[in-house]
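> Following is a predicted model, sequence given first.
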Amino acid sequence: MKFENGLLERSELHAILSSIADGVIVTDRTGRIVHLSSSAEAMLNTKSDEVVGKSIPISILLGRERQTKKGLVFCWEEKGCKEKKCPVYAKENPRCWIVGDTCPNGIKQGTFRDKVKKCRTCEIFARNSRILEEPLATIIEEIALNEPPNKILQIKTSPVVDELGNFLGFVRTLHDITLERQMSAMKDEFVSTVSHDFRIPLTSIKGYVDLLLDEEAGELNDMQKDFLTIVKQNSERLVNLINDFLDISRIESGKIVFEIKTHDIKSIIQEVVSTFKGLIEEKSLRLELKIPDRLPKVLVDHDRIIQVLNNLVSNAIKYTFPEKDIGISVDRKGNYVVVSVFDNGVGISPEDQKKLFTKFYRVDSSLTQETGGSGLGLSICKTIIERHGGKTWVESKEGEGSTFSFSIPIAKEIREPELIKQGIRILVVDDEPDISRLIQLYLEKEGYYVIRAFDGEEALKMAKKERPDLITLDIMMGKIDGFEVLQKLKSDSNTASIPVIVLSVILDEKRGYSLGAADYLPKSVNREKLVESVNRLIERTSEPEKKKRVLIADDDKDIVGFLEINLKKAGLEVVKAYDGAEAIDMLKKEKPDLLLLDLRMPKMDGYEVIKVMKKNKKMCEIPIIIMTAYDFDHGKTEILNLATSKVSKPFSMRMLTSRINETLIQGKNG
Ligand code: ADP
């Protein structure tokens, strides 16, 4: 029996170390293993006898690749020090700093503890300590073992220092977090599945409420409009909530890959400002922008920083009373750019400020209750900024306002891309000068030459006179709206071939594509999507090849509509027929390069169409893809075999487009 006189004996200490549930590994000042507890033995599948007394690097013990010693530096070398009296001078062991008596200016002084105090800010020590896995203070890391029992371990490494402050070695505790990680992965999976399942019905609810509000199903009285608006707002709230849930779980689990690139923070802010213009005006707030002219580029994921700013600006608007000020300022601080969103709003108490960035935290006030929100926004912002290597903070005074700031790293200066696309002219049509200017900036950065029109009439005139290579077109404009402009452009042979990208808050893609738009992008304008679309279309028009024409023959109007949108998106020209007789007519008139044929149709069915085609010299070469939701009529296999290929409904658009492309290529080569 021991443990009695208040002092521990050596064997007792050993017993205690071995009984700790977490694994324990102790190394001495030279790196030799002096203790490996039984829990550690089990976790690492190693026997204590085999390793104790040996200088086995910890990385090897954990089954990791051994760290290379590349990057180790000697302080005397790095600093150009010639102090020969210093015991570290010209020594080959970079661990001198930790095991030897390091001394400034050759005077031996200080214990490990003293040295740590002095050296903590020293980059050389920090770097060496990282490479040698020998930290100056406790560090925590997580590793997954590659070999059975394949645990996930959290490892804490701390220097062991005696009461005099001398360095004795390191102690590592290994905590098994496999179960926690598995549970957390299951939770993420659950949140993600449930959220997706919610989103599908919500998409329909939102979509059909929008249709009702647009009076697509008949005129509405004021009360009906009010009620539907409430449904719309609440379904949007629900969508936002679900998106927040999904986002936080995906960001935390690392499922979202950040696309870190060089960006101009000023244009990111302008993008955000244009999104909120309406809301700011609605609440009669004044918006102030304090952005210096010359700012370095930042290294960020564009969409994620937009998300952070959207959140902060939306909060500033929500928690500020009408007719007050909100604003955004930008400052350079060392290697970072600090962006602040400030407001003259209700402010936040010091107590609440401490908890704001935690998940689901919302200030307990009537204004917060009235204002919709999940309490996840700021927590998402913090996580996103941390993933960029930056920080997030708040300064606020109750009743006076708040400033939310974050820092993001500066990109190393790189030269602007060369203007490689000179000579290509784009007409930007928008009645909002700010937005039009923004689009102009985006496109000019890409090397395009931009001309602008501010209403429909001017757009039509300029398109005819200037014959631009591409047009971006807003829909909501006074006098002539965008759809009308599009229709006029497409029906005039001078302008019909100019690709048009519709940029609009009105999400009526179907109408846009049926009028001949080449692409349909939502506003606010997403720079990358716009540039991608412009580049793609310009590339396509500069190809000499003519667009391929596809005839869709199907009596189901919804399917024809859906196919038309998708095939146009894929760069094909579309002609349509709703029964067999019309199909034959169109085959003669339009001379399509391919026929997409439904089998069950009124007047003349698909089998008949094939028979007629194959007897006609001009039509017999046109490839046919049959689409049907029913079983093929086996009595008519001979006719069916005359078609190039068959697809069963429902089919995926990706499959169908690739089938079409294959058929068209085969047609060209054969
Ligand atoms: P949400 O706005 O969805 O509730 P957030 O995480 O964005 O969630 O914000 C958490 C809480 O912080 C809000 O509920 C609000 O009480 C407070 N808050 C955020 N921004 C401001 C602001 N600009 N002024 C005052 N309070 C704010």
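Arrived safely, thanks for sending. These numbers come from a predicted model, not from an experiment. Numbering: from 1, shown residues only.

> In three-state terms, label whichever residue of the stretch 51-200 of the chain sits closest to the ligand for me.
Closest residue of the stretch 51-200 of the chain to the ligand, C-beta to the nearest ligand atom: Ser195 (16.4 Å). Yep, even glycine has a C-beta here, placed from its N, CA and C like the rest. Here Ser195 is helix, with the state taken from DSSP: H, G, I helix; E, B strand; the rest coil.

> I'd like to know how far Met477 sits from the ligand.
Met477 sits 34 Å away from the ligand, going by C-beta to the nearest ligand atom, to the nearest Å.

> ditto for Ala453
39 Å.

> repeat for Pro409
For Pro409 relative to the ligand (C-beta to the nearest ligand atom), the value is 24 Å.

> Looks like that residue contacts Gly389 (just checking).
Yes. With contacts counted by C-beta atoms under 8 Å, Pro409 reaches Gly389, the gap being 5.5 Å.

> Give the residue from these two that has the larger number of neighbours.
Between Pro409 and Gly389, counting by other C-beta atoms under 10 Å, Pro409 is the more crowded of the two (17 against 13).

> nearest residue to that one other than its sequence neighbours?
Leu299 (5.0 Å; C-beta to C-beta, 6 or more residues apart in numbering).

> For that neighbour, identify the helix or strand it belongs to.
Leu299 is located in strand 298-301, with elements delineated by DSSP states H and E.

> Packing partners of the next helix or strand after that strand?
From strand 298-301 onward toward the C-terminus, using DSSP H and E, the following helix or strand is helix 302-318. Applying 3 or more C-beta pairs under 8 Å, 6 or more residues apart in numbering; DSSP states H and E, we find helix 302-318 packed against strand 260-263, helix 265-282, strand 325-333, strand 336-343, helix 377-387, strand 401-409, helix 527-542.

> now helix 302-318 against helix 265-282, angle please.
30 degrees (axes from the mean of the first three to the mean of the last three C-alpha atoms, to 10 degrees).

> what's the average pLDDT for helix 302-318?
Confidence over helix 302-318 (mean pLDDT, whole number) is 94.

> can you tell if that helix touches the ligand?
Yes. Against the ligand, helix 302-318 shows contacts by C-beta under 6 Å from any ligand atom at 311, 315-316.

> Out of these, which comes closest to Ile424?
Nearest to Ile424 among the residues of helix 302-318 next to the ligand: Asn311, at 36.9 Å, using C-beta to C-beta.

> how many other residues sit next to the closest one?
21.

> Nearest residue to it in space, ignoring adjacent ones along the chain?
Asn311 sits nearest to Gly377 (C-beta to C-beta, 6+ apart), 4.4 Å away.

> for the stretch 451-600 of the chain, which spans come out with low pLDDT?
540-546 (pLDDT under 70).

> Mind doing that once more with 80?
For the stretch 451-600 of the chain, the stretches with pLDDT under 80 are 478-479, 493, 505-508, 523-525, 539-547, 558-559, 562, 566, 569-571.

> where does the closest residue to Asp28 other than its chain neighbours land in three-state SS?
Spatial nearest neighbour of Asp28, excluding adjacent residues (C-beta to C-beta, 6+ apart): Gly169 at 4.2 Å. What three-state DSSP gives for Gly169 is strand.

> cool, and the one 3 residues further on?
Here Arg172 is strand, with the state taken from three-state DSSP.

> so what's the spatially closest residue to the residue of the stretch 51-200 of the chain closest to the ligand that is not a sequence neighbour scoring on pLDDT?
Spatial nearest neighbour of Ser195, excluding adjacent residues (C-beta to C-beta, 6+ apart): Leu246 at 4.4 Å. On pLDDT, Leu246 comes in at 78.

> Isn't Leu246 up against Val191?
Yes. Assessed by C-beta under 8 Å, Leu246 is found in contact with Val191 at 6.9 Å.

> out of the two, which sits in the busier spot?
Neighbours were tallied for Leu246 and for Val191 using other C-beta under 10 Å; the higher tally belongs to Leu246 (20 against 17).

> Excluding sequence neighbours, find me the nearest residue to the residue in the stretch 451-600 of the chain that the ligand sits nearest to.
At 19.9 Å from the ligand, Ser524 is the closest residue in the stretch 451-600 of the chain, using C-beta to the nearest ligand atom. Counting by C-beta to C-beta, 6+ apart, Ser524 lies nearest to Thr275, which is 4.4 Å off, once chain neighbours are set aside.

> That neighbour: neighbour count?
Counted with other C-beta under 10 Å, Thr275 comes out at 18.

> In this structure it contacts Asn310, no?
Yes. Between Thr275 and Asn310 there is a contact at 6.8 Å, judged by C-beta under 8 Å.

> Reduced to three states, what does the residue of the stretch 451-600 of the chain closest to the ligand come out as?
Reduced to three states by three-state DSSP, Ser524 is coil.

> so what's it up against?
271, 274-275 (C-beta atoms under 8 Å, 6 or more residues apart in numbering).

> Distance check, it against Arg304.
Ser524 sits 16 Å away from Arg304, going by C-beta to C-beta, to the nearest Å.

> Helices along the stretch 101-250 of the chain, start to end?
With DSSP state H, counting those that start in this stretch as the criterion, the stretch 101-250 of the chain has helices at 112-119, 123-131, 178-213, 222-252.

> In terms of pLDDT, where does Met655 sit?
73.

> does it sit in a helix or strand, and which one?
Residue-wise, Met655 maps onto helix 653-669 under DSSP H and E.

> can you pull the buried residues of that helix?
Neighbour counts using 16 or more other C-beta atoms under 10 Å place 656-657, 659-660, 663-664 of helix 653-669 among the buried residues.

> same for the ligand: which of these are within range?
Counting by C-beta under 6 Å from any ligand atom, no member of these is near the ligand.

> Okay, now the sheet partners of whichever helix or strand Leu521 is part of, with direction.
Leu521 is part of strand 519-522 when elements are defined by DSSP H and E. Here strand 519-522 is paired, per DSSP bridges, with strand 500-504 (parallel).

> which residues sit against the strand it pairs with?
With C-beta under 8 Å, 6+ apart, strand 500-504 has contacts from 430, 439, 470-476, 482, 486, 489-490, 512, 516-523, 525, 530, 533-534, 537.

> got the contact list for the residue nearest to Asn311?
Applying C-beta under 8 Å, 6+ apart, we find Gly377 in contact with 244, 311, 314-315.

> which one of those residues sits closest to Ile265?
Asn311 (16.2 Å).

> The closest one touches Lys382, doesn't it?
No. Judged on C-beta under 8 Å, Asn311 makes no contact with Lys382 at a distance of 10.4 Å.

> circling back to that earlier point, report the buried members of the contacts of strand 500-504.
So, by 16+ other C-beta under 10 Å, the buried ones in the contacts of strand 500-504 are 430, 439, 470-475, 482, 486, 489-490, 512, 516-521, 523, 525, 530, 533-534, 537.
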